[in-house]
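Asker: here you go, sequence then predicted model.
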Amino acid sequence: MARGRKPGKRTNKTVKVSLPKKTYYILYGIAGNNEMKLNKLIKTIIEERLDNSTISDLSKLLETGKKEKEEAKETEE
């Protein structure tokens, strides 16, 4: 018999973010060379960005990302 989901609040999803090395080391230095503080700092930055953005701003970000990928593919060919 299937057990199903345990009752209670669902946990957060894990997201992996790629950062340029320079940005990573700057944020790592700000976090005091502590990986847990670095993760918290990145989470806070992303949450603030999402809180202060409108849906149209976020959709523009997605569109520019798609355009950049398409341009990169065209230049490779």
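Answerer: Nice, thanks for sending it over.

Asker: thinking Lys37 is in contact with Ala31, fair?
Answerer: Yes: Lys37 lies in contact with Ala31 (CB atoms under 8 Å); the separation is 3.9 Å. C-beta coordinates here come from the backbone N, C-alpha and C atoms, glycine included.

Asker: give the contact list for the residue nearest the centre of the chain.
Answerer: With distances taken as CA atoms, centre = their mean, the chain has Val17 as the residue nearest its mean C-alpha position (5.0 Å). When contacts are counted by CB atoms under 8 Å, 6 or more residues apart in numbering, Val17 touches 42, 46.

Asker: could you redo the last one with a cut-off of 10 Å?
Answerer: The contact partners of Val17, taken as CB atoms under 10 Å, 6 or more residues apart in numbering, are 24, 39, 42-43, 46.

Asker: what about the helices in this protein?
Answerer: 21-30, 35-52, 55-76 (DSSP state H).

Asker: quick one: closest of the ones you listed to Pro7.
Answerer: helix 35-52 (26.1 Å; CB to CB).

Asker: which parts of the closest one are buried?
Answerer: 38, 41-42 (16 or more other CB atoms under 10 Å).

Asker: so can I have TSV of these showing distance to Asn12 and pLDDT?
Answerer: Listed next are those as TSV, based on distance: CB to CB, whole Å; pLDDT from 0 to 100:
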residue	distance to Asn12	pLDDT
Leu38	17	94
Leu41	16	94
Ile42	13	93
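
Asker: contacts for the worst-scoring helix or strand of the chain on mean pLDDT next, please.
Answerer: Between all helices and strands in the chain, the lowest mean by mean pLDDT, DSSP states H and E belongs to helix 55-76, at a mean of 82. For helix 55-76, contacts defined as CB under 10 Å, 6+ apart pick out 49-50, 53-54.

Asker: go with 6 Å
Answerer: The contact list for helix 55-76, computed with CB atoms under 6 Å, 6 or more residues apart in numbering, is empty.

Asker: what score does Glu48 have for pLDDT?
Answerer: Predicted confidence (pLDDT) at Glu48: the value is 92.

Asker: can you check Gly32 too?
Answerer: 95.

Asker: what's the local residue count around it?
Answerer: Using other CB atoms under 10 Å, Gly32 has 9 other residues around it.
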